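S.K.: Everything below, folded, please.
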Amino acid sequence: MLIYSNYRPRVTDRSNMISKLSILILIALPVAMIPYSRGFSQPNPARPDLCQGNYYTEEQAARVLQQLAGQYHERASWEPRAELIRQGIIEGAELQHMPRMPLTVIRTGSHEEKGYRVENIAIETLPGYYLTGNLYLPSRPLSSMAGILSPHGHFYHPDGRFQEQQQKLSATLARMGAVVFSYDMVGFGDDSVCDHKIPKAVKLQTYNGIRALDFLLSLPGIDTSRIAVTGASGGGTATILLTAIDSRIKVSVPVVMVSAYFFGGCVCESGMPIHRRPTHLTNNVEIAALAAPRPMLLISDDSDWTRNCPKLEYPYIQKIYGWYGVSRNVENVHLPGERHDFGPSKRQAVYRFLANYLKLDPSGVYTGGRFNEGESTLLSVAELTVFDTAHPRPTDAVYGNNAVMNLLKW
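M.R.: Residues are numbered from 1 along each chain as shown. Sure thing, here's the model as predicted:
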């Protein structure tokens, strides 16, 4: 498990943007060494330590979960397995030696909308590497507010966080009283200093999520007991990975991602050995289950790898939650006939779940039996961009795949 010191950097303008506080990451040792079954492996000849894409057939995946259910059937046997999987993610993504450094925060613009405000934000997660995103806040901040991270998926034209689905999600949650940080994937949006598919993308993106959480928790009025993360597709992978290794996340909503047979089709999801370790072989269902007993909503549809969720993945995870006596804390909303996106029906389910578990105030948003997104303004890419001609990237910024990869040699 990742353990952190008290870390509350101050948001500043460009003239005073380096805080004096820092983050300390401590990694717990594995508590069990459980062998894995090789029965259904389909290794990549180039990287046999990786589990990528459609790693199993659907039938094989069902049998794997059945085998696991026979080995782990109560909390006492599951928790050593859970700790082993958690440690495997940390070591497989090479997060155990990431550096201790101050968190630099840059703000380059602000947009006042009806009921909320949007700020253009960059945070320096590694020396010269600036994670970019947009911070959505209620127009009238409360003394105590929930915080939500929103990593986007592989959605293009426009890139990720600029998409209507991402903007409406973030803005509507801010109108309900939450503070939301919507940030770029590696190589997307403002974060285009390197290619998305660098070999250690999963390391950088997961670490960026940790630092984004540091930033969110540093903001005034954030209630550390009401912290959530939600994302769709590749953002769903980011959601389950961050929730698995960081106990500061209290509620999670992975959207159209959790599957027993699909392990993520991009290097940012499965391009490092986080599933296959010398001690075990796991899958995204078990990784999602590491959220237990914290509340989690699984959203699925019929058009992608989540089509079996109601009868396979969800019951398996619910059983694990049952070992903690909180089966009700995990839910599944399945949307037959819908496609792979973060569309309106999926966002409605997210609003309901987060309003409940984060104690949000939907009074100004919930009308006619639905959460109204009509007053959540769609801003242009130019308006949401952090770095532009008027606000250039800092002079110490790194550029290029090699330069970014060199930052990850820890």
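S.K.: hey, where'd the strands end up in the stretch 1-150 of the chain?
M.R.: Using DSSP state E, counting those that start in this stretch, the strands of the stretch 1-150 of the chain run over 2-3, 18-22, 26-27, 102-113, 116-126, 129-138, 145-151.
S.K.: ok but Ile198 is inside a strand, no?
M.R.: No. Counting by DSSP: H, G, I helix; E, B strand; the rest coil, Ile198 falls outside a strand, being coil.
S.K.: Contact partners for the residue nearest the centre of the chain?
M.R.: Using CA atoms, centre = their mean, the residue of the chain that lies closest to the mean C-alpha position is Thr239, 2.7 Å off. Thr239 sits next to Pro151, Val229, Thr230, Gly231, Ser252, Val253, Pro254, Val255, Met257 when contact means CB atoms under 8 Å, 6 or more residues apart in numbering. C-beta here means a position set from N, CA and C on the backbone, and glycine is covered the same way.
S.K.: Tabulate those in a markdown table, adding columns for neighbour count, pLDDT and secondary structure.
M.R.: What follows is these, written out as a markdown table (neighbours: other CB atoms under 10 Å; pLDDT from 0 to 100; DSSP: H, G, I helix; E, B strand; the rest coil):
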| residue | neighbour count | pLDDT | secondary structure |
| --- | --- | --- | --- |
| Pro151 | 30 | 98 | strand |
| Val229 | 31 | 99 | strand |
| Thr230 | 28 | 98 | strand |
| Gly231 | 30 | 98 | strand |
| Ser252 | 28 | 99 | strand |
| Val253 | 27 | 99 | strand |
| Pro254 | 29 | 99 | strand |
| Val255 | 30 | 98 | strand |
| Met257 | 29 | 98 | coil |
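S.K.: If I follow the layout properly, Ile89 ends up in contact with Met272?
M.R.: No. Applying CB atoms under 8 Å, one finds Ile89 not in contact with Met272, separated by 9.4 Å.
S.K.: How is Glu375 assigned, secondary-structure-wise?
M.R.: Quick answer, by three-state DSSP: Glu375 is coil.
S.K.: coming back round to it: and the strands of the stretch 1-150 of the chain: which comes nearest Glu59?
M.R.: Set against Glu59 and scored by CB to CB, these come closest in strand 145-151, at 31.4 Å.
S.K.: returning to what we had before: give the residues shared as contacts by Ile89 and Met272.
M.R.: In contact with both Ile89 and Met272: no residue, using CB under 8 Å, 6+ apart.
S.K.: Ala382: neighbour count?
M.R.: 8 (other CB atoms under 10 Å).
S.K.: Please give me every residue in contact with Val202.
M.R.: Ala93, Leu241, Val267, Cys268, Glu269, Ser270, Gly271, Met272, Ile274.
S.K.: Spatially, which two of the residues you listed are the most separated?
M.R.: The widest separation within these (CB to CB) is 13.7 Å, between Leu241 and Val267.
S.K.: Check which helix or strand the nearest residue to Arg47 once chain neighbours are set aside maps to.
M.R.: Excluding its sequence neighbours, the residue lying closest to Arg47 (CB to CB, 6 or more residues apart in numbering) is Pro273, at 8.0 Å. Using DSSP states H and E, no element contains Pro273; it sits outside every helix and strand.
S.K.: Tally up the residues packed near Pro273, please.
M.R.: For Pro273, using other CB under 10 Å, the count is 20.
S.K.: Distance of it relative to Leu50?
M.R.: Using CB to CB, to the nearest Å, Pro273 is found at 6 Å from Leu50.
S.K.: now Glu74
M.R.: In terms of CB to CB, Glu74 sits 31 Å off from Leu50.
S.K.: sorry, back to before: let me have the strands of the stretch 1-150 of the chain in CSV, adding distance to Leu378 as columns.
M.R.: What follows is these, written out as CSV (distance: least, CB to CB, whole Å):
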stretch, distance to Leu378
strand 2-3, 36
strand 18-22, 33
strand 26-27, 42
strand 102-113, 10
strand 116-126, 11
strand 129-138, 13
strand 145-151, 16
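S.K.: Figure out which of these is closest to Asp246.
M.R.: Nearest of the strands of the stretch 1-150 of the chain (CB to CB): strand 2-3, 5.2 Å.
S.K.: returning to that earlier point: would you format the contacts of Thr239 as CSV with distance to Tyr56 included?
M.R.: As requested, the contacts of Thr239 are exported to CSV (distance: CB to CB, whole Å):
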residue, distance to Tyr56
Pro151, 25
Val229, 26
Thr230, 26
Gly231, 23
Ser252, 24
Val253, 25
Pro254, 19
Val255, 22
Met257, 16
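S.K.: what are the phi and psi angles of Asp223?
M.R.: Here is the backbone geometry of Asp223 (degrees, to the nearest 10): phi -90, psi 110.
S.K.: Leaving out sequence neighbours, find the closest residue to it.
M.R.: Ser144 (4.7 Å).
S.K.: Around the closest residue to Phe262 other than its chain neighbours, how many other residues sit close by?
M.R.: Among residues not flanking Phe262 along the chain, Trp305 sits closest, at 3.6 Å (CB to CB, 6+ apart). Trp305 has 25 neighbouring residues, counting by other CB under 10 Å.
S.K.: Equivalent analysis for the one 10 residues further on, please.
M.R.: For Pro315, the tally of surrounding residues (other CB under 10 Å) stands at 13.
S.K.: More neighbours: which of Leu241 and Val267?
M.R.: Neighbours per residue, other CB under 10 Å: of Leu241 and Val267, the larger number sits with Leu241, 27 against 20.
S.K.: Quick check on that one: phi, psi?
M.R.: Dihedral angles (degrees, to the nearest 10) for Leu241: phi -70, psi -50.
S.K.: Surely it and Thr206 touch.
M.R.: Yes. With contact defined as CB under 8 Å, Leu241 reaches Thr206; the gap is 5.4 Å.
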